[in-house]
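[1] sequence and predicted structure are below.
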Amino acid sequence: MRCRTMSVRRWIQDHPRPLEWAYRVAEKLFSVLDPLLARVGYDRVDRLIRPFERWSKGPLFGCRMCGQCVLRKTGMTCPMTCPKQLRNGPCGGVRPGGYCEVYADRRCIWTEAFERSQHMRIYGERILDVQPPVDWTLQGQSAWVNMLRHELPALRTVDRGHA
Ligand code: SF4
């Protein structure tokens, strides 16, 4: 059963276009709902939404609930599943064929992230972004709510600057 789940997960991740489309839709939806969610209170929304985020992203991406999701910038491949939890990869130890230095029988997740990003039309180039270090104080929180709290206000500031 676990094997079947893994192969379904792999198949979905290896075809990332629908995922990035779904991400785009969710991003817009959250953006529209943001004023309402802010009124309800981000902490309250976080508590409500967290189980759903864990339930949906856990089986699909191996999500570790780091609270600061970068999936769209990493070929829809969770960097926290790297044995070294590298936020910017790959490390210098990738084996021939793109295999992991730590687990020689597994492919390096950063090799897979790069390959998948090449199939992504919207966010594919974001694989070149340099990611900030993990903020461990956010671990366990909803990354969706944290996007509203931290990323959206910054994006709006940039948009206003260009207006
Ligand atoms: S980057 Fe963080 S929030 Fe996104 S899937 Fe990985 S552990 Fe989960």
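    Thanks, I have the structure now.
[2] from L37, how far out is the residue nearest the centre of the chain?
    When CA atoms, centre = their mean is applied to the chain, the residue found nearest the centroid is L71 (2.1 Å). Computed as CB to CB, to the nearest Å, the L71 to L37 distance reads 21 Å. Where C-beta positions appear, they are placed from N, C-alpha and C, glycine not excepted.
[3] dump the residue contacts of the residue nearest to the centre of the chain.
    L19, Y23, F61, T77, C78 (CB atoms under 8 Å, 6 or more residues apart in numbering).
[4] in a markdown table: those, plus secondary structure, pLDDT and neighbour count.
    Compiled in a markdown table, the contacts of L71 are given as follows (DSSP: H, G, I helix; E, B strand; the rest coil; pLDDT from 0 to 100; neighbours: other CB atoms under 10 Å):
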| residue | secondary structure | pLDDT | neighbour count |
| --- | --- | --- | --- |
| L19 | helix | 93 | 20 |
| Y23 | helix | 91 | 18 |
| F61 | helix | 95 | 20 |
| T77 | coil | 97 | 25 |
| C78 | coil | 97 | 22 |
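[5] list just the nearest of those to the ligand.
    Closest approach to the ligand among the contacts of L71 (CB to the nearest ligand atom): C78, at 3.3 Å.
[6] show me the contacts for the closest one.
    With contact set as CB under 8 Å, 6+ apart, C78 has these partners: K57, F61, G62, C63, R64, L71, I109.
[7] and stretch 31-51, end to end?
    21 Å (CA to CA, to the nearest Å).
[8] now that stretch: buried residues?
    By neighbour count on 16 or more other CB atoms under 10 Å, the buried set for stretch 31-51 is D34, L37, Y42, V45, D46, I49, R50.
[9] residues touching stretch 143-153, excluding its own?
    By CB under 8 Å, 6+ apart, stretch 143-153 touches 26-27, 30-31, 34, 37-38, 42, 45-46, 49, 53, 65-69, 138.
[10] farthest-separated two in the contacts of C78?
    Spatial extent of the contacts of C78 (CB to CB) is set by the pair K57 and I109 at 15.2 Å.
[11] the nearest residue in space to H119 that is not next to it in sequence: neighbour count?
    Nearest non-adjacent residue to H119, counting by CB to CB, 6 or more residues apart in numbering: P16, 5.7 Å away. For P16, the neighbour count with other CB atoms under 10 Å is 26.
[12] same for the ligand: which of the contacts of L71 are within range?
    Of the residues in these, proximity to the ligand by CB under 6 Å from any ligand atom holds for F61, C78.
[13] now the contacts of L71 in CSV, with distance to Y123?
    Shown next, in CSV, are these (distance: CB to CB, whole Å):
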residue, distance to Y123
L19, 10
Y23, 7
F61, 14
T77, 12
C78, 14
